[in-house]
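Asks: Structure, please.
(chains A, B, C and D)
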Protein chains: 2
Amino acid sequence: MSETRILIVDDHPLFRRGVRQLVEMDPGMTIAGEASNGVESVEAAGQLDLDLILMDLNMANVDGLEALRQMRSNGVDTRIVMLTVSDADDDVVAALRAGADGYLLKDMEPEDLLARIKEAAEGKLVISPQLAAILAGIVSGGRAAPADALSSLTSRELDILRALARGMSNKMIARRLDITEGTVKVHVKNLLKKLGLRSRVEAAVWAVNHEVS
Amino acid sequence: MSETRILIVDDHPLFRRGVRQLVEMDPGMTIAGEASNGVESVEAAGQLDLDLILMDLNMANVDGLEALRQMRSNGVDTRIVMLTVSDADDDVVAALRAGADGYLLKDMEPEDLLARIKEAAEGKLVISPQLAAILAGIVSGGRAAPADALSSLTSRELDILRALARGMSNKMIARRLDITEGTVKVHVKNLLKKLGLRSRVEAAVWAVNHEVS
DNA sequence: GCGTGGCTACCCCCTAAGAGGTAGCCAGAT
DNA sequence: ATCTGGCTACCTCTTAGGGGGTAGCCACGC
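Replies: Okay, here's the model as predicted:
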């Protein structure tokens, strides 16, 4: 089998150069292309014959997560590993859920990083060890949101959450609580953020599972 | 207090006449208007000064349920009682959820019907006794959908329901099951109908409560 | 052979939902 | 007296969701 062909996606030229140098230290891998934003990366993924994509998260003009999603919905089944500075729960979870095959932090030791990249190319799911705690929390909780997240909610947000757990729409909640639908939206938005969830459906399921009633 | 002013909504002139005659046997009540379809009824509800609306379900040009919803979202707080032939679970549940103050079947004895209409005008929630079993089922289940509703789902619909119970979006489900988002929508639509639910949130909550996993 | 149910996919159309932002009001803390 | 957090309300913008319909394909039963 020939060399492993890799695409680097990062908005920082110097960083790309660093990665290129690191990767090409290994005779089995080569950088087949570079992209400096999400749009370019999606195009490149469609044109180049790739084995692995190293994708940054924070980029102007379509960020890494969105680029990942677009590629997956375009049917791209190349292995895609996020390579970013962000160790935020949300980012990790979102990337993995969107179909990333790995999530590596940029502050890893170069040798370590290289080893992980090789593993990723071989089909392994690679994750920076620092992220273990986050993942454990997600797995054990069944879902995001630390156990004490409930107590961070205001009483009004709890009202809304309880209504969500009963399947009510924003409009119904508004009528029941005698506030405007817009205000309900604000509360839903805020409680989703506090709980680290992404939709009212997740919130409703979470509430039922945590016996919020 | 003056007479109770009533609006009859039904697409059948003869039926309206019958109701009018029945209602006006009572000196305390008068028919303030008639409408033969949903559109007319919504207009009438906005113009006339009404105490009670008797609404049929099956009508062309906006059915009774939809008319009810429109009135409620227009801020109409007149008492609205459905008067229909349908004893289908779905219809009863949908009407009550949409804000109906009663649900009467057309095959009631006239005297009985008149008595119920008077009660409704007085603010009571009136329901034909034949519907008791349906309502009991709904209450005990905590939510609509008879106990055997689950078995009416196809295996694919069960797949989708399980995914819903995990809070997934249509797009995520599509990716996971390797079908298009449109197809997922079709399955969601169908399972909602089978379960008598109105949104994916209700479906998710229902699934969690019924331990669909 | 034919019909039926299940799965898939697409169409149009409209509403619901959610992300951003600004802002007024109030109560409790400093 | 000022600040902060909570609740309310509004704005815009974009995507997600759901109702309606048609239709092809396949496996099953009759």
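Asks: now the helices for chain A?
Replies: Under the criterion DSSP state H, helices of chain A are mapped to A:13-23, A:38-47, A:64-73, A:89-97, A:110-121, A:132-141, A:155-164, A:170-177, A:181-195, A:200-209.
Asks: deepest of these, which one?
Replies: Sort those by mean neighbour count, taking mean count of other C-beta atoms under 10 Å in any protein chain shown, and helix A:200-209 sits at the top with a mean of 24. Where you see a C-beta, it was placed from the backbone N, CA and C, and this is true even at glycine.
Asks: re earlier: and the helices of chain A as JSON lines, adding distance to DNA strand C and mean pLDDT?
Replies: Listed next are the helices of chain A as JSON lines, based on distance: least, C-beta to the nearest atom of the strand, whole Å; pLDDT from 0 to 100:
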{"stretch": "helix A:13-23", "distance to DNA strand C": "25", "mean pLDDT": "90"}
{"stretch": "helix A:38-47", "distance to DNA strand C": "16", "mean pLDDT": "84"}
{"stretch": "helix A:64-73", "distance to DNA strand C": "12", "mean pLDDT": "75"}
{"stretch": "helix A:89-97", "distance to DNA strand C": "10", "mean pLDDT": "67"}
{"stretch": "helix A:110-121", "distance to DNA strand C": "29", "mean pLDDT": "90"}
{"stretch": "helix A:132-141", "distance to DNA strand C": "17", "mean pLDDT": "46"}
{"stretch": "helix A:155-164", "distance to DNA strand C": "8", "mean pLDDT": "91"}
{"stretch": "helix A:170-177", "distance to DNA strand C": "3", "mean pLDDT": "87"}
{"stretch": "helix A:181-195", "distance to DNA strand C": "4", "mean pLDDT": "90"}
{"stretch": "helix A:200-209", "distance to DNA strand C": "3", "mean pLDDT": "91"}
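Asks: Distance to residue B:199 added to those helices, as JSON lines?
Replies: Formatted as JSON lines, the helices of chain A follow (distance: least, C-beta to C-beta, whole Å):
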{"stretch": "helix A:13-23", "distance to residue B:199": "45"}
{"stretch": "helix A:38-47", "distance to residue B:199": "32"}
{"stretch": "helix A:64-73", "distance to residue B:199": "24"}
{"stretch": "helix A:89-97", "distance to residue B:199": "22"}
{"stretch": "helix A:110-121", "distance to residue B:199": "39"}
{"stretch": "helix A:132-141", "distance to residue B:199": "25"}
{"stretch": "helix A:155-164", "distance to residue B:199": "11"}
{"stretch": "helix A:170-177", "distance to residue B:199": "10"}
{"stretch": "helix A:181-195", "distance to residue B:199": "14"}
{"stretch": "helix A:200-209", "distance to residue B:199": "9"}
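Asks: I appreciate the help and will end here.
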